[in-house]
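[1] give me a model of this one.
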Amino acid sequence: MNVPVGHIREIVRYPVKSMAGIATESAFLGWHGIAGDRRFAFRRVGADNGFPWLSASRLPELILYHPVGLEENNGELVPTGVRTPAGSCVELRSAGLKAEIAERFGSSVELMQLKHGTFDEAPVSVISLATIAGIGREAGRDLDRRRFRANIFIETERSQPFLEDGWVGRTLVFGDSEPGPAVSVTMCDQRCVMMNLDPETAEQDARIMMTVVRLNNNNAGVYATVVRTGTVRVGDRVSLV
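    Numbering: from 1, shown residues only. Here you go, the predicted structure:
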């Protein structure tokens, strides 16, 4: 039995891990998430732990870089360039961009292209606008939803924050067609300090994460894996199975 949840308010892909996202009206949801999502990442040269990727938790200014000029390549959308915080556009694979990021980070980095993307826990992240609004009320801030870096933002019929926790172990189905694209919700999204970063300035506000810790054990939104592929669109109805 399908239970109505709400509708898709926004879809976002992040072509380069920890850089700014690109909102889109529609996207193909494949076995490895949104097409073109996190297919590139900067690797910390010499990192010997299990997570070598450079993220904004280590270099906050990374979120101020905006991938631009998406082009289709073998079914994926690949950015041709990046707009830097200074406003200049450089090629994604250029030595200049690599050198600039390495200088900001203080150590060598290397751009990697990953066929199936690089994800923290699962290829799709989902959050409700009700959860973002609830966190903002408690933190005393009108929160920019870009802080939460989800792929799919849902306008839910209910205004209760953190209702996504109840979706774990169930399936979200998108659209009215049968059968529509669907994801299996695998776990709650345990947050990191990236949530504290202002997407316009990269300035940190620890109140955001502290509020999520206090309200919901540091969980906000959910992770999911794809169980049925297809195109998702802004405005699509969302149902819970």
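[2] for stretch 211-220, how far is the first residue from the last?
    Stretch 211-220 stretches 11 Å from its first residue to its last (CA to CA, to the nearest Å).
[3] so for that stretch, what gets flagged as buried?
    T211, V212, L215, N216, N218, N219, A220 (16 or more other CB atoms under 10 Å). Quick note: C-beta positions are derived from backbone N, CA and C, even for glycine.
[4] pLDDT and distance to Q204 added to those residues, as a markdown table?
    A markdown table is the format used below for the buried residues of stretch 211-220 (pLDDT from 0 to 100; distance: CB to CB, whole Å):
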| residue | pLDDT | distance to Q204 |
| --- | --- | --- |
| T211 | 97 | 14 |
| V212 | 98 | 14 |
| L215 | 97 | 19 |
| N216 | 98 | 20 |
| N218 | 97 | 16 |
| N219 | 97 | 20 |
| A220 | 98 | 17 |
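[5] which ones among those are found in strands?
    N219, A220 (DSSP state E).
[6] pick the one among the buried residues of stretch 211-220 closest to S107.
    Within these, the smallest distance to S107 is 28.4 Å, found for N218 (CB to CB).
[7] that older thread, what's the closest of the buried residues of stretch 211-220 to L111?
    Distances from L111 to those, taken by CB to CB, are shortest for A220, at 29.7 Å.
[8] which residues touch the closest one?
    I127, T131, I132, I135, F148, F162, D189, R191, M195, V212 (CB atoms under 8 Å, 6 or more residues apart in numbering).
[9] you'd agree the second one is in a strand?
    Just to be clear, that refers to T131. No - counting by DSSP: H, G, I helix; E, B strand; the rest coil, T131 is located in no strand; its state is helix.
[10] how many other residues sit next to it?
    Neighbours of T131 under the rule other CB atoms under 10 Å: 29.
[11] one step back: reformat the contacts of A220 as TSV; add distance to R39.
    Shown next, in TSV, are those (distance: CB to CB, whole Å):
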residue	distance to R39
I127	22
T131	27
I132	26
I135	29
F148	21
F162	30
D189	21
R191	23
M195	23
V212	28
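[12] still on that earlier bit, can I get the buried residues of stretch 211-220 in TSV including distance to V168?
    Shown next, in TSV, are those (distance: CB to CB, whole Å):
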residue	distance to V168
T211	21
V212	17
L215	17
N216	13
N218	15
N219	10
A220	13
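[13] which of the buried residues of stretch 211-220 sit farthest apart?
    Maximum distance among those (CB to CB): 12.2 Å, for T211 and N219.
[14] distance from the chain centre to stretch 40-58, please.
    Taking CA atoms, centre = their mean, to the nearest Å, one finds stretch 40-58 lying 17 Å from the centre of the chain it belongs to.
[15] what residues of it count as buried?
    F40, A41, F42, R43, R44, P52, W53, L54, S55, A56.
[16] which one of the buried residues of stretch 211-220 is nearest A95?
    The closest of the buried residues of stretch 211-220, once distances to A95 are taken by CB to CB, is A220, at 37.9 Å.
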